[in-house]
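Asker: A structural model of the following input is requested.
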Amino acid sequence: MTTTTLAALVPLLPFLGAVAGLLLGRTAPGFVRPLAVLPPLASLVLAALVAARQGGGRAIDAYTLLTPTGSVPVDLALHIDGFAALVAILVAFVATCVQIYSTGYLRDDPRYPSYAALVSLFTSAMLLVVYSGDLIVLLVGWEVMGICSYFLVGHYWGTPEARAASLKAFLVTKLGDVPFLIGLFALGTDAGSFRITRVLGAVASGGLDHPTLIALLLLAGVAGKSAQFPLHTWLPDAMAGPTPVSALIHAATMVAAGVYFTARLLPVFEASAAAMTVLAVMAAVTMVGSGLAALAQDDIKRVLAYSTIGQLGYMTGALAVGDRGAAVFHLLSHGAFKALLFLAAGAVIHAAGTNSLAAMSRMSHLRDRVPDAFWTMTVALLALAAIPPFSGFFSKESVLGAAERLATGHPGPAPGAAGWIVLVAALATALLTAAYATRLWLLAFRGRGAEAPDHGRQPLTMTVVLWVLAVPSLAFGALAYRALPGWFDGASLAPTLLTSILGTGLAVVGGLLAYGAWQRTSALAARVPLGAVAAHPEGDAGLVEAEAIAAHEPAYGDIAEAPDPADPGRLLLGPLYGPAASGFHLDAVYSALFVRPVLGAASLVRFLDREVVDTYVRGAAALPRLLGAAVRRAQTGNVQTYVSALLAGTVVLTVAVLLVASGA
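Answerer: You can find the predicted model right below:
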């Protein structure tokens, strides 16, 4: 079987599994779980074979005309280079783990068949994005992921939070997709083709007439799909969906698509220094803002959501300094440990049998009750905090090293200022990441919250997946930074001495600050009943009225109840805690700038339609109605009346004629 055929089967098999799952979900429920697990597993095997044949060498290209358009044709094309080959393995691997995990996590869910089918379709769409060699075909996968996220985030449609979150995810990402679509058409028009190889060839020859405009339009779609500032607000709310869906979205599909697209078309963005600077600023604001917000969340899944936003900021930061190898390296590393973090959080939630335990302030004695989740989440948090030798250390250091090289004067495709912006923000985020990772670990596993009912040990399928994901979270980075340059652009991914010392030192400082703040607030909280008002004599901003803090928490069941005062985040952030907990009120800003004006305009249109247009319509109908009533009254059926009217009319006409004649 040719490599092209194998590659075509990689996205096709999950798609066929999704179709079969939807058709057989009700009539043959016994086939649902095999149809959920086997297609992505087969795709993983085939993706590994494709990667072995590609070997990091010359890209595999194949195409056939899909449809003539009269201008720029659309091709059904494959373009598999080292980036695509490895990212496809990540997507299929995480999707397989999620499907296996879900067989236990959702074993009693009556809507599991549709859920499993949508996960398979989600996987197929992302694989299509990864392998596609034509931008319009890539757009199909891009949009299918959007609709899949809408249905999967809203899986628990009976709760208002899930319905609102799914709608918000769809609308915010579509807000970025509109300029993204315009940018794709402009890019194809300038290049004379939608084929990625021809687009890159046109860029290399200077064939783009509007590089800055095209790059900025495309960045809008990337910001929406990859949850970058200012279109990141949908991702924390998307935690209302099932936890395995969160793992899939955050680790290998939806949010990875924007970063992967930018990496694949990076020369398009490099053609504009202004676009690269905008990308650097976007990455810096995203990294720092998400780190602060994560430090103030009480819901464990929202902490991880803001963590994902920040780690994606690292990836876009690497792209902003022109190093797509470092960006994709961190994408691969992050995919493993972020999937593990979410699935371990799911094991914690599953142990309590309710989503309310996602509030870290209400967790207690979880280390002994969910030991597998405890140990594997510890590994993943160390990788997230970039502590050596865990995988996150090597991939994050590759980003810091790339930014440091550009900032210190090494030639690159972006301005030197972009290097400084990314480097300073990334170092600050390293401290914040370690702080909120330590806080999460302390509150989740050493908290003093109320004891939840013990629902027993998790299914074996869930536990096995956690340990499988722990292996790359621990060992991937140390092996990959030596091997991956040959698969990418050849640039070194090895950690540099200066950034390693700075990054690791700041991570250690962040962890120690969080631990020290936790010890202090725990000592104070031991003397304060949970939910009471406590004011420290020295004015600690961390101990505030619990109801004020609860107002910033998502209303998932009883999560909105008062959190434990022993929260180091409140002490570390001080007056920033409230704004950070609410995402710096960006939703309120967007509501004031966009939602309210649109609703006001809709109200005006409704008023004009009802009071003006409808008035004219009613008036137009009233005149014929009055004339009809007059004619109806004249039809009495009395012959004498008709003769009298006829004679009267004759007399009137005769008089009128005589008057006219005499006047003439």
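
Asker: Only C-alpha atoms from now on, for both contacts and neighbour counts.
Answerer: OK.

Asker: Where does residue 87 fall, secondary structure wise?
Answerer: For residue 87, the enclosing helix or strand under DSSP states H and E is helix 82-105.

Asker: list the helices and strands that helix packs on?
Answerer: Using 3 or more Cα pairs under 8 Å, 6 or more residues apart in numbering; DSSP states H and E, the elements in contact with helix 82-105 are helix 32-54, helix 112-131, helix 243-251, helix 324-352, helix 460-483.

Asker: The same query, at a cut-off of 10 Å, please.
Answerer: helix 3-24, helix 32-54, strand 74-80, helix 112-131, helix 243-251, helix 254-264, helix 324-352, helix 460-483 (3 or more Cα pairs under 10 Å, 6 or more residues apart in numbering; DSSP states H and E).

Asker: Which one of these lies nearest to residue 602?
Answerer: Using Cα to Cα as the measure, helix 254-264 is the one of the helices and strands packed on helix 82-105 that comes nearest residue 602, at 31.7 Å.

Asker: picking up where we left off before, between the helices and strands packed on helix 82-105, which gets nearest to residue 637?
Answerer: Comparing these against residue 637 with Cα to Cα, the closest turns out to be helix 3-24 (69.1 Å).

Asker: For the stretch 501-650 of the chain, just list every one of the helices.
Answerer: Assignment of helices within the stretch 501-650 of the chain using DSSP state H, counting those that start in this stretch yields the ranges 546-550, 568-573, 577-581, 586-590, 596-608, 614-634, 639-663.

Asker: element containing residue 62, please.
Answerer: When elements are assigned from DSSP H and E, residue 62 belongs to strand 60-67.

Asker: Give me the sheet partners of that strand and which way each runs.
Answerer: Each strand that strand 60-67 pairs with, and the sense of that pairing, follows from DSSP bridges: strand 74-80 (antiparallel).

Asker: gap between the partner strand and the chain center?
Answerer: For strand 74-80, the distance between its averaged C-alpha position and the chain's averaged C-alpha position is 25 Å (Cα atoms, centre = their mean, to the nearest Å).

Asker: ditto for stretch 71-91
Answerer: Using Cα atoms, centre = their mean, we find the averaged C-alpha position of stretch 71-91 to lie 21 Å away from the chain's own average C-alpha position.

Asker: Just the terminal-to-terminal distance for stretch 576-589.
Answerer: Start and end residues of stretch 576-589 are separated by 17 Å (Cα to Cα, to the nearest Å).

Asker: mean confidence score for that stretch?
Answerer: Mean pLDDT, taken over the full extent of stretch 576-589, equals 92.

Asker: Same question for stretch 400-419.
Answerer: Rounded to a whole number, the mean pLDDT of stretch 400-419 is 92.

Asker: End to end on it, go ahead and measure it.
Answerer: Note: stretch 400-419 ends 9 Å apart using Cα to Cα.

Asker: swap in stretch 232-245?
Answerer: 18 Å.

Asker: got the contact list for residue 71?
Answerer: 189, 192-193 (Cα atoms under 10 Å, 6 or more residues apart in numbering).

Asker: Now do whichever helix or strand residue 443 is part of and helix 324-352, the angle between them.
Answerer: Following DSSP H and E, the helix or strand that holds residue 443 is helix 416-445. Compare the direction of helix 416-445 with that of helix 324-352 by axes from the mean of the first three to the mean of the last three Cα atoms, to 10 degrees and you get 20 degrees.

Asker: what's helix 416-445 packed up against?
Answerer: Using 3+ Cα pairs under 10 Å, 6+ apart as the contact criterion, the elements in contact with helix 416-445 are helix 273-294, helix 300-320, helix 366-369, helix 371-384, helix 391-407, helix 497-525, helix 568-573.

Asker: lowest-confidence stretch among these?
Answerer: Note on these: lowest mean pLDDT is at helix 366-369, with a mean of 80.

Asker: which parts of that helix are buried?
Answerer: Under the neighbour-count criterion of 16 or more other Cα atoms under 10 Å, helix 366-369 has 366, 369 buried.

Asker: how near is residue 496 to residue 465?
Answerer: Taken as Cα to Cα, the span from residue 496 to residue 465 is 33 Å.

Asker: can you check residue 482 too?
Answerer: 27 Å.

Asker: between those two, who's got more neighbours?
Answerer: Here residue 482 and residue 465 are set side by side on neighbour count (other Cα atoms under 10 Å), and the busier one is residue 465, at 21 against 12.

Asker: Pick out the residue nearest the middle of the chain.
Answerer: In the chain, the C-alpha closest to the average C-alpha coordinate belongs to residue 255, at a distance of 4.4 Å (Cα atoms, centre = their mean).

Asker: Does that residue touch residue 231 like I think?
Answerer: No. Counting by Cα atoms under 10 Å, no contact exists between residue 255 and residue 231, whose distance comes to 11.7 Å.

Asker: what residues are shared contacts of the two?
Answerer: Common neighbours of residue 255 and residue 231 are listed as 222-225 (criterion: Cα under 10 Å, 6+ apart).

Asker: So residue 299 sits against residue 361, correct?
Answerer: Yes. Under the criterion of Cα under 10 Å, residue 299 is in contact with residue 361, at a separation of 8.3 Å.

Asker: so which of the shared contacts of residue 255 and residue 231 comes closest to residue 600?
Answerer: Comparing those against residue 600 with Cα to Cα places residue 224 closest, at 25.2 Å.

Asker: Neighbours of the closest one, how many?
Answerer: Using other Cα under 10 Å, the number of residues around residue 224 comes to 29.

Asker: Can you give me the distance of residue 11 to residue 131?
Answerer: According to Cα to Cα, residue 11 and residue 131 sit 8 Å apart.

Asker: any common contacting residues for the two?
Answerer: residue 88.

Asker: give me every residue that touches residue 156.
Answerer: 111, 162-163, 166, 240-242.

Asker: Kindly report the same for residue 219.
Answerer: With contact taken as Cα under 10 Å, 6+ apart, residue 219 is in contact with 176-177, 179-180, 183, 213, 225, 228, 258, 261-262, 269, 275, 278-279, 282.

Asker: Name the member of those that has the highest neighbour count.
Answerer: The residue in the contacts of residue 219 with the most neighbours, by other Cα under 10 Å, is residue 225 (32 neighbours).

Asker: Residue 472: which of the contacts of residue 219 is nearest?
Answerer: Minimum distance to residue 472 across these is 23.1 Å, recorded for residue 258 (Cα to Cα).

Asker: ok, the closest one touching residue 250?
Answerer: No. Contact status for residue 258 versus residue 250: not in contact, 11.9 Å apart, counting by Cα under 10 Å.

Asker: Report the set of residues contacting both of these two.
Answerer: With Cα under 10 Å, 6+ apart applied, the overlap between the contact sets of residue 258 and residue 250 consists of 226-227, 312.
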